[in-house]
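Participant: I'd like to go over a predicted model; first the sequence, then the structure.
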Amino acid sequence: MEKDLSHYRKSYEKSELLLSEVPENPMELFQKWFYEIDSHFTEDETNAMTLATIGLDGFPKSRVVLLKKYTYEGFIFYTNYNSEKGKAIEANPNVCLSFFWHGAERQIIIKGQAEKISENLSDGYFESRPRGSQLGALVSYQSDVVLDRQSLEKRLLELEAEYEGKEIPRPKHWGGFIVKPVEIEFWQGRPNRLHDRIRYQLQRDYNWLINRLSP
C-alpha cells in the first residue's frame, strides 16, 4: 500500500501572535484562546486535548482526553487510575498535553507533571456526571482485555438494576489528575510556514521566561 501526500498543503493566514502582546502568565493567554475558540469557531469539542505519557513498556503513547477544568495551577482531567495511562502516570508523572484547533490555525503544547487531585474534588465531579457515565466508570476495567461487547452491556444492565433509586458511589480507582505546567508553547499558523511560536518556561522563582521560537 502506498499513497503520496506530498501535495497536501494549506496556507495559514487567519491570525498572528506577537511577543509584544502576550501576557506574563501563560494561563491568561490560554484562557483568552480557549474563550475565542469556544465562542467563534465550530470546534466539535474545544476541551479535547491529546495526552502523551511514557508507558510501562518504555514507549510514548498519546490519546485524546477531555479537559474538565483549568486554573492558574494547571489542567484537570478525569480517568480510571488503573488504566494504562493511569499506571503510566504513576510510574512517570512527566506528561505532555496538546490542543489543536484547526479552525483558528492554533495549537498549544504543554509539558508538565501530573498528580492526583483530592478525593473530595473527584467526588464532586463524579456526582455531577450523568448516571450513565457514573455506571460506565463502574462497568469498565479500563485497558483490560474484554471478552466481547455483550459482556460489558450485561454488566451495565446488572448495575442499573443494583443501583436503581440509589446514589452511585465513585469508584476509588477513578478520579482526577491535575497537570501542573513547566512549559507551554503557543503556535499560531502563519503564511509561508513562518509560524508564530511563543514559549513560556517556568523558572525557579515561579516567574515565566518568554521567548519567540523559530518556526
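Facilitator: Yep, that arrived.
Participant: only C-alpha atoms for contact and neighbour calcs from this point on.
Facilitator: Noted.
Participant: Assign a three-state SS to Trp33, would you?
Facilitator: helix (DSSP: H, G, I helix; E, B strand; the rest coil).
Participant: Count the neighbours of it for me.
Facilitator: A total of 18 residues lie near Trp33 under the criterion other Cα atoms under 10 Å.
Participant: residues contacting Lys69?
Facilitator: 75-77 (Cα atoms under 8 Å, 6 or more residues apart in numbering).
Participant: Give me the most central residue, the chain.
Facilitator: Met49 (3.7 Å; Cα atoms, centre = their mean).
Participant: Would you mind giving both backbone torsions of that residue?
Facilitator: Main-chain torsions, Met49, degrees, to the nearest 10: phi -140, psi 150.
Participant: In the sheet, which strands lie alongside the longest strand anywhere in the chain, parallel or antiparallel?
Facilitator: The single longest strand within the chain, with elements called by DSSP state E, is strand 174-188. Sheet pairing of strand 174-188 (DSSP bridges) gives strand 75-80 (antiparallel), strand 106-116 (antiparallel), strand 196-202 (antiparallel).
Participant: Can you lay out those strands as a markdown table showing mean neighbour count and mean pLDDT?
Facilitator: Output for the strands paired with strand 174-188, formatted as a markdown table (neighbours: other Cα atoms under 10 Å; pLDDT from 0 to 100):
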| stretch | mean neighbour count | mean pLDDT |
| --- | --- | --- |
| strand 75-80 | 20 | 98 |
| strand 106-116 | 19 | 98 |
| strand 196-202 | 20 | 98 |
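Participant: any chance of the ones you listed in a markdown table, plus distance to Pro93?
Facilitator: Listed next are these as a markdown table, based on distance: least, Cα to Cα, whole Å:
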| stretch | distance to Pro93 |
| --- | --- |
| strand 75-80 | 14 |
| strand 106-116 | 5 |
| strand 196-202 | 17 |
